[in-house]
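Novice: After the sequence you'll find the predicted model.
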Amino acid sequence: MNQIIQIEQAVKDFIGAGDTNDIQLLDRVLHKDYQNVQDGFFDKPGLYQFSKKEYKRLVGEKTFGGVPRTITVHSIEEYGSHLAVVNVALESEALLFNSVIVVVRESSDWQILNNFPKIVGKE
């Protein structure tokens, strides 16, 4: 399978796992050193960082996820054969997301290493 297709599929699996609160899929697609870094946590200001374990807990508790989103991939930039940066826009009924997602391949499968979402409410 083409590398770009594999990278895009890893991102779609990550987003779909969140949308459906699929912790098993998240466990497979998230790298062991995964970090979600965002400015603000709902109505709380500040910088928030979540590890793979914390992120899976938030998705499992349905603090994050559980709402279907449309996905628009704006760009995929490869940095060699083991690293890529993907820019996506996601839209749910209430929220708009613009995310920079870092995808890595240490063995055979692409995994999400970092997610940097910008989240705003729809007006």
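Specialist: Received the coordinates, thanks.
Novice: What separation do you get for Ile5 and His31?
Specialist: Remark: distance between Ile5 and His31 (C-beta to C-beta, to the nearest Å) = 19 Å. C-beta coordinates here come from the backbone N, C-alpha and C atoms, glycine included.
Novice: More neighbours: which of those two?
Specialist: Between Ile5 and His31, counted using other C-beta atoms under 10 Å, the more crowded position is His31 (18 against 10).
Novice: which non-adjacent residue is nearest the more buried one?
Specialist: Gln111 (4.1 Å; C-beta to C-beta, 6 or more residues apart in numbering).
Novice: What about that neighbour, how many residues nearby?
Specialist: Residues near Gln111, counting by other C-beta under 10 Å: 21.
Novice: Which residues belonging to the helix or strand encompassing it are considered buried?
Specialist: Using DSSP states H and E, Gln111 sits in strand 110-121. Within strand 110-121, the residues that qualify as buried are 110-117, 119, counting by 16 or more other C-beta atoms under 10 Å.
Novice: same thing with stretch 64-73?
Specialist: Of the residues in stretch 64-73, those buried (16+ other C-beta under 10 Å) are 64-65, 69, 71.
Novice: Looking at pLDDT only, which of the buried residues of strand 110-121 scores worst?
Specialist: pLDDT is lowest at Ile119 among those; the value there is 87.
Novice: my guess is that residue meets Leu96, correct?
Specialist: Yes. Counting by C-beta atoms under 8 Å, Leu96 is a contact partner of Ile119 at 7.4 Å.
Novice: out of everything not next to it in sequence, what's closest to Asp22?
Specialist: Using C-beta to C-beta, 6+ apart, the closest residue to Asp22 is Gly16 (7.2 Å).
Novice: how close does the one you found sit to Lys52?
Specialist: 17 Å.
Novice: ranges for the helices of this protein?
Specialist: 3-19, 23-29, 52-60 (DSSP state H).
Novice: what's the offset of stretch 40-51 from the middle of its chain?
Specialist: 15 Å (C-alpha atoms, centre = their mean, to the nearest Å).
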